[in-house]
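Student: what follows is a predicted protein model with its sequence.
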Amino acid sequence: MIKIMLNIIILFVLLVANESSAADFCMMVGGARTSGTPSANTWTTANCYGNLQAAMARMGSGDNLIIDDGNYTAANNSIDNSHKPPSGTSKSQMTTIMARNIPGQSTTDTTRYSSGIVPITDILKVRFTTSAVFNDQSGGIGTTTQYIKFYGIHWDGVATASFWNYIYFKQCSSMGVTDGNTAAWSITGTYNLLEDCIAYGKGRAKFLFYDNSRGLQSTGPGYNICRRCIARNDWAKKDDLSNDPVATFFSYYKRESAFLNVIDIDSNLPIYWENILGNDLCGSFVAFEAEDPAYNHHLQVMGSLAINNAYGVGSISTSGNRFVNVSAINVGGGIFTKFPDNTFTNITLVGVNSSAFSYRSTQTTQSVFGTIKDSGFYGDTSHSANPSAMNLIARGITGALFLTGSTGNYVDYFNVGSVGIAPTNAITTDPFSNGLLYPPRIEIGSSLYKGGLSGGQLGAKIVNRIGGDGQFQDDTGWNVETSTPLWPWPLQEWIQAEMRTSDYAAFCASATVACPTSYTTDAKRGFAGDATNLTDYIFRFFENNNFTKNNNIPTINSIFTN
């Protein structure tokens, strides 16, 4: 017994020693160190490494690399299958690569930030401008990389490999700089988490969960999450003549994806989009597989918004997906469903009208969902698709509310071009007069608040955060609504500043098709404009865009008490 106890004590000591052995590495522009562990928090060129590859080669599992402010442009700042950080050992013992100074976060660097806080209005301080930071698409079971956290870093394009698992991106941004078949974020591993991240710029996708094996599904379901991520589609294959689908939050062959409290906003410049005829401008939230019949994809879109976008809300070419508490305002099309067994619960759909946007050509306009352009829901009867919208609010639909194979139950529809298939338990009152004042919620005590199934509410409820910070899909409660308020939107000042860095001058200088003269100001459109913030822009959207002029709308400081 004594020997067993001694072995247990020795094992405990070894484990504690291992957990406490993580070293802090530092990196800065011009850093000259080539070996050894730097002295923590000593920011001199002699003490710090000068590039990612040099630092990563000396790091051990669970170590921390802290990077000083600067633009890192050389090829030795890329990550690939031969140059990558060492894996951590668990979600609680991750290898970390992070910025020294992160907007809105505390810092010990009082020489530059006297308050001890990096201003939340700043852009990210560490910026990698290589076009593909993660160039590791080969993967391989023997090359699994896992348990790594990236925090407070900007890249010009991110793509991980099939065997990058449990990667955690926190408050990071990515700008797509290459047109065509590209994405700002392309995540192809399993159990990965992007939280408080943003995407903008070029490419046909902004947040992409992708399976390299496509229909073979050799790597299995993805179980990946975007939580509180925000995207703006600035440029969608303007110089590319292929008919690859365009989407913002895109689950492409990769099953078991989740988009929680995400926003596709101000994707409203189809003058920068492709100019071909085809059903390929898919929308804000897309689940796609080319196989027929399609697999159960199990995409979850929860507590999310699509606002001021020139394409549609969703395109679902698979089965087994669900949209819950989704609000879509001022969009070009609704939701297309190809296969059965998809559910749409508590949806707010206001202002479906492609004429609200200026497209490059008639062909571009026709590419917005084809038959579902300007309409609400469409079910593909050739595949027995039968989408039913439950607890729906629909207002200002130019075309038909319910097209072939689709219908609704507990619906308030008002000012629609035609109803199509008649919904059950329907009312036809103006939702703006009965509780819909803001895109994210219904007013408590209003008729809409208790007009749904079993006395529940009609329309979307997007008021609290879904899941806890840092929760992956194998953590309890990862997709459960919490009591933590979602508004004012966290880090919104940083998000606004970061979105303004879209490099339209470089985009247009390299374009094969001429850009409109507005390119000099396009990065500051919509909520990224000087006069507003993200929360104010969304909550005031009905009022400021002539949907309604309700003089009883409370001030922005009091809207969070309901």
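Tutor: Perfect, thanks for sending it.
Student: which SSE is the nearest residue to Gly451 once chain neighbours are set aside in?
Tutor: Using CB to CB, 6 or more residues apart in numbering and skipping residues adjacent in sequence, the residue nearest Gly451 is Leu458, 4.9 Å away. Where you see a C-beta, it was placed from the backbone N, CA and C, and this is true even at glycine. Here Leu458, judged by DSSP states H and E, is contained in no helix and no strand.
Student: touching, Leu458 and Thr345? I think so.
Tutor: No: using CB atoms under 8 Å, Leu458 is not in contact with Thr345, being 10.7 Å away.
Student: looking at these two, which one has more neighbours?
Tutor: A count of neighbours by other CB atoms under 10 Å puts Leu458 above the other of Leu458 and Thr345, at 29 against 20.
Student: which residues do Leu458 and Thr345 both contact?
Tutor: Residues touching both Leu458 and Thr345 by CB atoms under 8 Å, 6 or more residues apart in numbering: Asn391.
Student: who's in contact with the residue nearest to Gly451?
Tutor: Per CB under 8 Å, 6+ apart, neighbours of Leu458: 346, 391-393, 410-412, 431, 442, 448-449, 451-452.
Student: would CSV of those with pLDDT be doable?
Tutor: Shown next, in CSV, are the contacts of Leu458 (pLDDT from 0 to 100):
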residue, pLDDT
Asn346, 98
Asn391, 98
Leu392, 98
Ile393, 98
Tyr410, 98
Val411, 98
Asp412, 98
Pro431, 96
Ile442, 96
Leu448, 96
Tyr449, 96
Gly451, 95
Gly452, 97
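Student: so which of those belong to strands?
Tutor: Asn346, Asn391, Leu392, Ile393, Tyr410, Val411, Asp412 (DSSP state E).
Student: closest one of these to Trp155?
Tutor: Set against Trp155, the nearest of the ones in strands among the contacts of Leu458 by CB to CB is Asn346 (35.2 Å).
Student: mind listing the residues bridging to Leu194?
Tutor: Beta-bridge pairing for Leu194 (DSSP bridges): Phe169, Cys226.
Student: pLDDT score for it?
Tutor: In this model, Leu194 is scored at 98, pLDDT.
Student: does it touch Cys229 like I think?
Tutor: Yes: the pair Leu194 / Cys229 is scored as a contact, 5.6 Å apart, by CB under 8 Å.
Student: find residues that contact each of the two.
Tutor: With CB under 8 Å, 6+ apart, Leu194 and Cys229 have common neighbours Phe207.
Student: quick revisit: now the contacts of Leu458 as a markdown table including neighbour count?
Tutor: What follows is these, written out as a markdown table (neighbours: other CB atoms under 10 Å):
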| residue | neighbour count |
| --- | --- |
| Asn346 | 27 |
| Asn391 | 28 |
| Leu392 | 28 |
| Ile393 | 29 |
| Tyr410 | 23 |
| Val411 | 27 |
| Asp412 | 28 |
| Pro431 | 27 |
| Ile442 | 28 |
| Leu448 | 22 |
| Tyr449 | 20 |
| Gly451 | 24 |
| Gly452 | 23 |
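Student: per-domain residue ranges of the chain.
Tutor: Taking automatic domain parsing as the domain assignment, the ranges for the chain are 23-116+147-171, 173-562.
Student: endpoints of the shortest one, how far apart?
Tutor: Looking back up the chat, that one is domain 23-116+147-171. 23 Å (CA to CA, to the nearest Å).
Student: try stretch 494-504
Tutor: 20 Å.
Student: and for stretch 460-479?
Tutor: End residues of stretch 460-479 are separated by 16 Å (CA to CA).
Student: buried stuff in that stretch?
Tutor: Ala460, Lys461, Ile462, Val463, Arg465, Ile466, Gly467, Gln471, Phe472, Gln473, Trp478, Asn479 (16 or more other CB atoms under 10 Å).
Student: same check on stretch 396-412?
Tutor: Buried residues in stretch 396-412, counting neighbours by 16+ other CB under 10 Å, are found at 396-408, 410-412.
Student: out of those residues, which sit inside strands?
Tutor: Short answer: these in strands (DSSP E) are Gly396, Ile397, Thr398, Gly399, Ala400, Leu401, Phe402, Thr407, Gly408, Tyr410, Val411, Asp412.
Student: which two from these end up farthest apart in space?
Tutor: Largest separation among these by CB to CB: Thr398 and Tyr410, giving 23.0 Å.
Student: helix/strand/coil for Thr42?
Tutor: coil (DSSP: H, G, I helix; E, B strand; the rest coil).
Student: okay, and for the chain, where does confidence drop off?
Tutor: Per-residue confidence for the chain (pLDDT under 70) gives these ranges: 1-20, 130-142, 215, 218, 277-279, 292-293, 368-371, 548-562.
Student: what sits against Thr407?
Tutor: Phe377, Asn386, Pro387, Ser388, Ala389, Ile421, Ala422, Pro423, Thr424.
Student: now do the contacts for the spatially most central residue of the chain.
Tutor: In the chain, the residue lying closest to the centroid (CA atoms, centre = their mean) is Cys229, at 3.8 Å. By CB under 8 Å, 6+ apart, the contact list for Cys229 reads Leu194, Glu195, Asp196, Cys197, Ile198, Ala199, Phe207, Phe249, Phe259, Val262, Ile263.
Student: out of the residues you listed, which are inside helices?
Tutor: Judged by DSSP state H, helices contain none of those.
Student: check those and tell me the two furthest apart.
Tutor: Longest span within those, CB to CB: Asp196 and Phe249, 15.0 Å.
Student: what about the two, which has more around it?
Tutor: For Asp196 versus Phe249, the count of surrounding residues by other CB under 10 Å is larger for Phe249: 29 against 23.
Student: I'm done for today, thanks for sticking with me.
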